[in-house]
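K.L.:
structure here, sequence nowhere to be found:
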């Protein structure tokens, strides 16, 4: 766990995107099964934490973000009422992948800035 709110917020967001892609892949795999229903994962509580991080948060926010990020993998997907739409699931998977890549690049830049500040260069 880091005490850095930015790092923990990005780690949580990466976990959310990973879970979205995993859910979409299960839905794509089940698309050919008659009567299959789309799985969804509810990230409302985690979205609230990310919104709080964007606002600045408090002293305990990094720890709460870290705990939430650790729990993302364990979140169960729940079957929805909607039948699986393969095109929608592929779009969800592509979106999650693109967002994951953008978050990874942002985290890399964040670490680059930290490295520059430690090295004392501008």
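P.N.:
All right, it came through fine. Every value quoted in this text rests on a predicted model; they were computed, and no experiment measured them. Residues are numbered from 1 along each chain as shown.
K.L.:
which secondary structure element of this structure has the lowest mean pLDDT?
P.N.:
None of the helices or strands of the chain scores lower by mean pLDDT, DSSP states H and E than strand 78-83, at a mean of 78.
K.L.:
return the distance of that strand from the chain's centre.
P.N.:
On the basis of Cα atoms, centre = their mean, to the nearest Å, the separation between the geometric centre of strand 78-83 and that of its chain is 21 Å.
K.L.:
what's the answer for stretch 61-79, then?
P.N.:
Using Cα atoms, centre = their mean, the distance from the centre of stretch 61-79 to the centre of the chain it belongs to is 9 Å.
K.L.:
mind checking how far residue 57 is from residue 96?
P.N.:
With distances taken as Cβ to Cβ, to the nearest Å, residue 57 is found 25 Å from residue 96. (Glycine included, C-beta is placed from N, CA and C.)
K.L.:
got it, and residue 17?
P.N.:
5 Å.
K.L.:
and stretch 71-91, which residues are buried?
P.N.:
Using 16 or more other Cβ atoms under 10 Å as the burial criterion, the residues of stretch 71-91 that qualify are 72, 75, 77, 84, 89.
K.L.:
just the helices in this protein please.
P.N.:
Counting by DSSP state H, the chain forms helices over residues 5-29, 44-55, 61-71, 86-119, given from the N-terminal end onward.
K.L.:
list the buried ones in the third one?
P.N.:
Read it as helix 61-71. When burial is assessed from 16+ other Cβ under 10 Å, helix 61-71 yields the following buried residues: 61-62, 64-66, 68-69.
K.L.:
same for that helix, what does it pack against?
P.N.:
Using 3 or more Cβ pairs under 8 Å, 6 or more residues apart in numbering; DSSP states H and E as the contact criterion, the elements in contact with helix 61-71 are helix 5-29, helix 44-55.
K.L.:
go on, the second one?
P.N.:
For helix 44-55, the packing partners by 3+ Cβ pairs under 8 Å, 6+ apart come out as helix 5-29, helix 61-71.
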